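Enquirer: just need the structure, nothing else, for what follows:
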Amino acid sequence: MRFDLIDLRLFLHVLEDGSLTAGAARSHMTLASASTRVRAMEDALGTPLLLRERRGVRATPAGQTLAAEAARVLAQVDLLRHAMAPHSGGPRAHVRLLANTSAATVHLPRLLARFLAAQPGYALDLRERPSTEIAEALRQSRAELGVLSDATDTAGLDSVRLLADPLVLAVPRAHALAGRRRVALSEVLAEPFLGLHEVHALQALVSTQARRLGAELDFRVRLGSLEAICRMVALGAGVAVVPRAMAEREARAGTLRRLSLTDPWADRHLVLAARTLDGLPPPAARLARFLRQATGVGDGVL
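Expert: Predicted structure coming up:
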């Protein structure tokens, strides 16, 4: 069995992006080359590593084991690079950070810019992922750190609360409710809703809460991003439950209104999570410490 670091990194890229095509592009190789490498790994191990499906690929049990071990090997390589950098003059650290949409697009850019300005030897690989995928990637050691919703199951992970990320109801400017400041989900169950695809944790949360109220929301359309949802709301296509930070950004154009949701489940937060916050590699530990200090978080682990 002979794998090289390129094989291992390719395999992780394929799993993180959910397809051979995307993983190959991220690894700067052709699809044919990537496919050949993955099949060679499967032949060497004598077992399939990927389940090839219509919408992409996912790991078999053997693939999950390989992914976890590959992540550990690459983390050790990063530690070696970190230790040797003072002798080579190269970048001192590389950190993989996964974040959900509101974190990656609204909350983190300003903070990460400050961190990178203060740490010129660092390189960050920031990837936007649904919170449920982030939690699973952390459990499998496919990333060192994640910023995700506290509504997500983080069993088996350490996490600390970072920032408030409450949910609001976004409505068009001309909507009958646009003059309200607060509303409960029970008051808008009959409204035409816009939403994310069902696999998203946010969408699952909203739909579950509606069912607890005895209703099925009428989704006019399901979209792949919160930005697209907010823009369609602004154009009068319907209403949507979205993170307040996202609604505030889109409301600057003046065509969208945001109403606070009075439901307790809407009062959610972003958390910083890892398999173990106390055992992070030094580069990731420095980033985690910066994020906790920048957001006023103490040292306690949830």
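Enquirer: pLDDT weak spots in the stretch 101-250 of the chain?
Expert: Counting by pLDDT under 70, the stretch 101-250 of the chain shows low-confidence ranges at 199.
Enquirer: burial of the closest residue to Ala245 other than its chain neighbours, as a residue count?
Expert: Closest residue to Ala245 apart from its sequence neighbours, by C-beta to C-beta, 6 or more residues apart in numbering: Val106 at 4.1 Å. All C-beta atoms are positioned from the backbone trio N, CA, C, and that covers glycine. Residues within reach of Val106, counting by other C-beta atoms under 10 Å, total 19.
Enquirer: with Arg110 instead?
Expert: Using other C-beta under 10 Å, Arg110 has 9 other residues around it.
Enquirer: how about the helix or strand hosting it: buried residues?
Expert: Arg110 belongs to helix 108-118 when elements are defined using DSSP states H and E. By neighbour count on 16 or more other C-beta atoms under 10 Å, the buried set for helix 108-118 is Leu108, Leu111, Leu112, Phe115.
Enquirer: pipe those into TSV and attach distance to Ala164 per row.
Expert: Putting the buried residues of helix 108-118 into TSV (distance: C-beta to C-beta, whole Å) gives the following:
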residue	distance to Ala164
Leu108	14
Leu111	15
Leu112	19
Phe115	21
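Enquirer: these two touch, right, the residue nearest to Ala245 and Ala247?
Expert: No. Using C-beta atoms under 8 Å, Val106 is not in contact with Ala247; the gap is 10.0 Å.
Enquirer: tell me the spacing between Ala294 and Val106.
Expert: With distances taken as C-beta to C-beta, to the nearest Å, Ala294 is found 15 Å from Val106.
Enquirer: actually Leu15, not the one I typed
Expert: Note on Leu15: its distance to Val106, by C-beta to C-beta, is 27 Å.
Enquirer: show the contacting residues for the residue nearest to Ser260 when sequence neighbours are not counted.
Expert: Nearest residue to Ser260, sequence neighbours excluded (C-beta to C-beta, 6+ apart): Arg182, at 4.6 Å. Arg182 sits next to Leu259, Ser260, Leu261, Thr262 when contact means C-beta atoms under 8 Å, 6 or more residues apart in numbering.
Enquirer: can you tell me how far Arg182 is from Val188?
Expert: Arg182 is 12 Å from Val188, by C-beta to C-beta.
Enquirer: please apply the same query to Met41.
Expert: Separation of Met41 from Val188 (C-beta to C-beta) stands at 51 Å.
Enquirer: repeat that for Leu97.
Expert: Applying C-beta to C-beta, the value for Leu97 to Val188 is 35 Å.
Enquirer: the two: which is more packed in?
Expert: Shown here are Leu97 and Val188; by other C-beta under 10 Å, Leu97 has more neighbours (23 against 19).
Enquirer: strand partners (parallel or antiparallel) of the strand or helix carrying the more buried one?
Expert: If you go by DSSP H and E, Leu97 is part of strand 93-99. Note on strand 93-99: by DSSP bridges, its sheet partners are strand 122-128 (parallel), strand 145-149 (parallel).
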